[in-house]
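[1] Whatever this is, show me its structure:
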Amino acid sequence: MKSPMASHWTWRLALALLGLALGGCPGDSFDCLPSPGPINQVERAPGVVVTGQRVRMEVIPASESAGCGSLESSVPISATAEIEGPDGRPVENQFTLVQQSRTPSILEFTPELPGPYHITVVFSHIGGLHQFDLHAARDRSAEAPSETLPRTCDSLERTSKGAWVCGTFVMRGSTVVKSFPGMSLAVAGDVIWVVGSLSIQRYVDTGTDLVLSGSAQHGRGSVEFLLASPDELTVLHSGVLGSFIFSSGTLSPSSGTTWTRPPEPVNTRGSYGVLLRDGVRVGLVTRITDADTSAVQVCTYELSPGSIISPQERCPSVPGELIGFEPGVLWTQDLPVFKAQGQPQGLVRRWVWTEDQIQEAGSLSLGPNATVFSQPMKRGETAPLVRNMVTDSNILNVTGVLTWSPQRKAILLEHFDSALADGFASRAFYWGTLSGAPATSTRIRLRPPPQ
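    Modelled structure (predicted):
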């Protein structure tokens with residue numbers, strides 16, 4: 001699938017190269033243009049902005065080529081700015097030309113629609129052609145109620161009765177109901193599963209208390225990942241994939257199957273494997289690497305009464321790094337061809353896993369000024385986060401959550417809270433600590449359904 005931004009780059013780059021090929025000195029009949037530089041990375045620019053908020057960008061005219069004119073001719077005499085919105089229509093903008101050497105001119109506009117924007121600035125006589133690509137995240141802060149917990153949470157889930165599972169703490173409001181140091185927790189409905197290297201417990205949240213409904217010993221070692229339903233828990237241990245079933249008041253383990261842990265985790269802050277489920281099928285997601293490439297592999301196991309059947313077919317894989325996952329869906333990012341300044345980040349892709357196959361269902365080019373923020377991947381789900389590569393007085397600390405839009409049938413960004421630093425996200429929540437404040441509490445934004 002070809003990215004919409006790619007088509008912009010193709011013809012804009014051709015125009016720039018044509019101008020450079022014809023360029024000469026001011027004494028000739030053509031403008032004096034700078035030597036070609038990296039496309040789309042002329043100066044610091046935002047990669048993520050928010051709909052409805054005014055954007056202010058500094059655009060610095062490029063220096064003239066060697067041998068072209070005098071210092072008096074080294075400033076542009078005019079300039080034009082064009083912005084193309086997500087719908088392909090021009091966007092109203094205000095451009096202020098500053099006629100001083102190497103002094104930035106100012107471009108301002110307000111994005112109204114979520115999605116990609118392509119910006120072209122052309123200075124006349126000298127200064128060159130500048131291009132930027134950025135994404136406007138849909139502002140959903142007014143639709144996302146907030147709550148605060150008096151501790152930090154690197155993982156967050158909530159029972160149907162309203163108890164928060166913040167890391168290893170179960171909380172109701174600001175009160176700790178129970179804590180489970182050194183254990184891994186997972187939530188399904190009003191059930192909380194608690195797993196250690198030797199034992200497992202199943203608790204039920206009554207709305208006022210936690211009631212132990214079942215327990216068992218297993219001895220299968222440390223936990224890599226948990227995939228929960230109210231009456232069944234699939235556990236990826238360090239060397240065994242197994243499940244536990246709760247039936248008629250009894251918690252019983254199935255016979256597990258061994259798996260080989262790869263040499264590298266799924267990401268820098270994740271486990272060595274992630275689990276997806278499609279009916280009786282369980283997909284084990286791992287990272288495979290060699291000297292030049294990185295890929296994501298999904299091996300399909302089948303759950304049967306009392307046992308797990310290992311894969312019988314070759315495990316399909318897709319290129320790139322894993323940046324997120326949700327039920328039946330993987331998010332990856334292609335590795336960039338070059339990582340030097342001026343090169344776009346790798347393409348973000350959304351994959352659907354079903355019937356033992358992985359099919360691409362959307363892609364997005366972030367451009368060079370936005371980056372994916374790495375998050376822990378140890379349980380539940382992880383929605384990918386994208387934020388600005390750099391921040392300053394003009395480039396705000398904006399983070400967007402990568403989201404599939406059922407209306408647009410495309411990948412968009414959603415924005416929930418500008419005050420949070422280095423947040424986390426799932427399909428249901430966006431949370432983190434307040435920027436500039438001590439990391440002693442967590443603010444949670446409840447995400448509305450995607451649009």
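
[2] okay, now residue 179: neighbour count?
    Counted by other C-beta atoms under 10 Å, the residues lying close to residue 179 total 12. Heads up, the C-betas are built off the backbone N, CA and C, glycines and all.

[3] Kindly provide the distance from it to residue 194.
    Note on residue 179: its distance to residue 194, by C-beta to C-beta, to the nearest Å, is 10 Å.

[4] how about the strands in the stretch 251-400 of the chain?
    Applying DSSP state E, counting those that start in this stretch to the stretch 251-400 of the chain gives strands spanning 257-258, 274-278, 281-289, 294-304, 307-309, 317-319, 321-326, 329-333, 348-354, 357-364, 370-373, 385-388, 399-405.

[5] so can I have TSV of these showing distance to residue 205, mean neighbour count and mean pLDDT?
    Formatted as TSV, these follow (distance: least, C-beta to C-beta, whole Å; neighbours: other C-beta atoms under 10 Å; pLDDT from 0 to 100):
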stretch	distance to residue 205	mean neighbour count	mean pLDDT
strand 257-258	31	12	93
strand 274-278	22	21	93
strand 281-289	26	20	93
strand 294-304	26	19	92
strand 307-309	28	16	89
strand 317-319	37	16	93
strand 321-326	23	23	95
strand 329-333	27	23	96
strand 348-354	30	20	95
strand 357-364	34	16	95
strand 370-373	31	18	91
strand 385-388	29	22	94
strand 399-405	27	23	96
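
[6] Read off the pLDDT value for the nearest residue to residue 392 once chain neighbours are set aside.
    Residue nearest to residue 392 in three dimensions, not counting chain neighbours: residue 44, with 6.8 Å by C-beta to C-beta, 6 or more residues apart in numbering. Looking at residue 44, its pLDDT is 72.

[7] What of residue 293?
    81.

[8] who touches it in this structure?
    Residues in contact with residue 293, defined by C-beta atoms under 8 Å, 6 or more residues apart in numbering, are 319, 335.

[9] Strands of the stretch 1-150 of the chain, residue ranges please.
    So, for the stretch 1-150 of the chain - with DSSP E, counting those that start in this stretch - the strands run 48-50, 55-59, 78-84, 93-96, 105-109, 115-124, 129-139, 146-149.

[10] For the ones you listed, which has the smallest mean pLDDT value?
    strand 55-59 has the lowest average pLDDT among the strands of the stretch 1-150 of the chain, namely a mean of 90.

[11] Work out the sheet partners of that one and label each with its direction, please.
    Paired with strand 55-59 in the same sheet, following DSSP bridges, are strand 105-109 (antiparallel).

[12] how far off strand 78-84 does the strand it pairs with point, in degrees?
    30 degrees (axes from the mean of the first three to the mean of the last three C-alpha atoms, to 10 degrees).

[13] for strand 105-109, the distance to its chain's centre please.
    Strand 105-109 has its C-alpha centroid displaced from the chain centroid by 28 Å (C-alpha atoms, centre = their mean, to the nearest Å).

[14] what's the answer for stretch 100-119, then?
    On C-alpha atoms, centre = their mean, the centre of stretch 100-119 falls 24 Å from the chain's centre.

[15] what do you get for stretch 352-372?
    Centroid separation for stretch 352-372 versus its chain: 10 Å, with C-alpha atoms, centre = their mean.

[16] domain ranges for this protein?
    4-137, 156-258 (automatic domain parsing).

[17] chain center to stretch 397-409, what's the gap?
    Centroid separation for stretch 397-409 versus its chain: 9 Å, with C-alpha atoms, centre = their mean.

[18] Once you drop chain neighbours, what's closest to the most centrally placed residue in the chain?
    Of all residues in the chain, the one closest to the mean position by C-alpha atoms, centre = their mean is residue 384, 2.4 Å from it. Nearest non-adjacent residue to residue 384, counting by C-beta to C-beta, 6+ apart: residue 324, 3.7 Å away.

[19] Make a markdown table from the strands of the stretch 1-150 of the chain and add mean neighbour count and distance to residue 280 to it.
    What follows is those, written out as a markdown table (neighbours: other C-beta atoms under 10 Å; distance: least, C-beta to C-beta, whole Å):
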| stretch | mean neighbour count | distance to residue 280 |
| --- | --- | --- |
| strand 48-50 | 25 | 40 |
| strand 55-59 | 20 | 49 |
| strand 78-84 | 16 | 48 |
| strand 93-96 | 14 | 55 |
| strand 105-109 | 18 | 52 |
| strand 115-124 | 21 | 38 |
| strand 129-139 | 24 | 37 |
| strand 146-149 | 15 | 36 |
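
[20] Make JSON lines out of those strands and add distance to residue 413.
    Formatted as JSON lines, the strands of the stretch 1-150 of the chain follow (distance: least, C-beta to C-beta, whole Å):
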{"stretch": "strand 48-50", "distance to residue 413": "6"}
{"stretch": "strand 55-59", "distance to residue 413": "14"}
{"stretch": "strand 78-84", "distance to residue 413": "18"}
{"stretch": "strand 93-96", "distance to residue 413": "21"}
{"stretch": "strand 105-109", "distance to residue 413": "17"}
{"stretch": "strand 115-124", "distance to residue 413": "8"}
{"stretch": "strand 129-139", "distance to residue 413": "4"}
{"stretch": "strand 146-149", "distance to residue 413": "20"}
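
[21] Looking at the ones you listed, spot the one closest to residue 166.
    Comparing these by their distance to residue 166 (C-beta to C-beta), the top pick is strand 146-149, with 5.6 Å.

[22] Which elements pack onto the helix or strand that that closest one is followed by?
    Going down the chain from strand 146-149, the next helix or strand is strand 156-158, by DSSP states H and E. If you count contacts as 3 or more C-beta pairs under 8 Å, 6 or more residues apart in numbering; DSSP states H and E, strand 156-158 packs onto strand 164-166, strand 184-188, strand 429-434.

[23] ok, strand 156-158: who's next to it in the sheet?
    strand 164-166 (antiparallel).

[24] Thanks a lot, catch you later.
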